[in-house]
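> Next input, structure requested:
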Amino acid sequence: MTLRLTVDRHGWQDHVASVRASLGATCAVVPVVKGNGFGFGRAELAAHAASWSDLLAMGTIHEALAHDRQGDEVVLVLTPMVRSTPIPIPAWIVPTVGSVHHLDALAAHRGPVAVKLLSAMARYGCSPDALADLVDEIHRRHLSVHSYVLHLPLPDAHRDQARQTSDVEAWLPALDPSVPVSVSHVGADTIAALAARHPERHFQLRTGTALWHGDKSFLHLGADVIDVRRVTAGDTVGYHGVSVPEHGWLVMAGAGSSHGVARLADGRSPFHHLRRRIDLIETPHMHTSMCFVPADRDVPAVGDWVDVQRPLIVVHPDEVVWQ
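Residues are numbered from 1 along each chain as shown. As a prediction, this is how the structure comes out:
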């Protein structure tokens, strides 16, 4: 029972290098390594990122503390902490703060911090009116500002390059020009325009999905077939006593909820065989998904691999195979 991510090593590495080249002509590119490591696993992805960047961005303090630091790496933590009992944080980890109560969780920290700025995301971050007081409080606690961090909404027809540029530029008059400005979810043209208009600023571009998943042709997600069983219309199967709709085959795929495998948003099955969708008999459970193939269709054999259609940011493969 295995969920496997297969990677065309050379094609994927060429893609990553191409993205870095397109984005990094006018700014520093900061690789994002967070969550499930975009399907590769954080350790695997961090090792690749560390080969060309000494600054990584991770999602939480727990991910950063679990990271096996390489050399002089610095890890920027993107999510603020709120804890009643502060935990020790090494100076090479840069926590993010968007308000004074985020600072209160860092009583034991003696390194720099990043200041999260409120964006159109309206999630968390410091408002323009509160910025001066927050920076003053950071300095009063004998800490320094590593960078200003902006997390912009995803671009779409209503948020073109001009809008993204103006979102960043609206903050610049209030920011110390000697401190880097770290932005996300902007393209090469936008970051180039910002750098050209503000040569006195040092911009950093955090990137994850575009960098690691921008070309999925080099990636394949599959599950092995554990068992195949002939069934008759009306047979009762599964955890919930589902009635089989017609004569055919039960196919047990070796991936389930523990791998992050679930129905698609529209309720359809994520499994395919020979480019045809295989229906689910019931919701995937733990390490196995029960699928159904009608008698008049090709059925996979035990040991075959079926394709799995799931976002790589939510799955936990058992194996990552580099070819």
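> Not counting residues beside it along the chain, what's closest to residue 315?
residue 260 (4.1 Å; C-beta to C-beta, 6 or more residues apart in numbering). The C-beta positions use only the backbone N, C-alpha and C, and glycine is treated the same way.
> Can you pull the phi/psi pair for that neighbour?
Here is the backbone geometry of residue 260 (degrees, to the nearest 10): phi 90, psi 10.
> thinking residue 22 is in contact with residue 188, fair?
Yes - counting by C-beta atoms under 8 Å, residue 22 does reach residue 188; the two are 4.6 Å apart.
> quick one: low-confidence ranges for the protein?
156-159 (pLDDT under 70).
> Can you show me the helices along it?
9-23, 42-50, 61-66, 100-103, 128-140, 161-169, 188-197, 209-213 (DSSP state H).
> sorry, back to before: next one: the residue nearest to residue 315 from residue 248, what distance?
Between residue 260 and residue 248 the distance, using C-beta to C-beta, to the nearest Å, works out to 27 Å.
> Also residue 17?
For residue 17 relative to residue 248 (C-beta to C-beta), the value is 47 Å.
> Which residue of these two possesses the greater neighbour count?
residue 248 (20 against 11; other C-beta atoms under 10 Å).
> Hmm, residue 294 and the more buried one touching each other?
Yes - between residue 248 and residue 294 there is a contact at 4.4 Å, judged by C-beta under 8 Å.
> Out of the helices of the chain, the one nearest residue 78 is which?
Of all the helices of the chain, helix 61-66 sits nearest to residue 78, with 9.5 Å by C-beta to C-beta.
> From the chain's centroid, how far away is the closest one?
On the basis of C-alpha atoms, centre = their mean, to the nearest Å, helix 61-66 sits 15 Å off its chain's mean C-alpha point.
> same question, stretch 165-181
In terms of C-alpha atoms, centre = their mean, the centre of stretch 165-181 is found 25 Å from the chain centre.
> And for stretch 171-183?
25 Å.
> For residue 127, see how far away residue 114 is.
Counting by C-beta to C-beta, the gap from residue 114 to residue 127 is 16 Å.
> And those two? Which one has more around it.
Neighbour count, other C-beta under 10 Å: between residue 114 and residue 127, residue 114 has more, with 23 against 11.
> still on that earlier bit, residues contacting the residue nearest to residue 315?
Residues counted as contacts of residue 260 (C-beta atoms under 8 Å, 6 or more residues apart in numbering) are 36, 310, 314-316.
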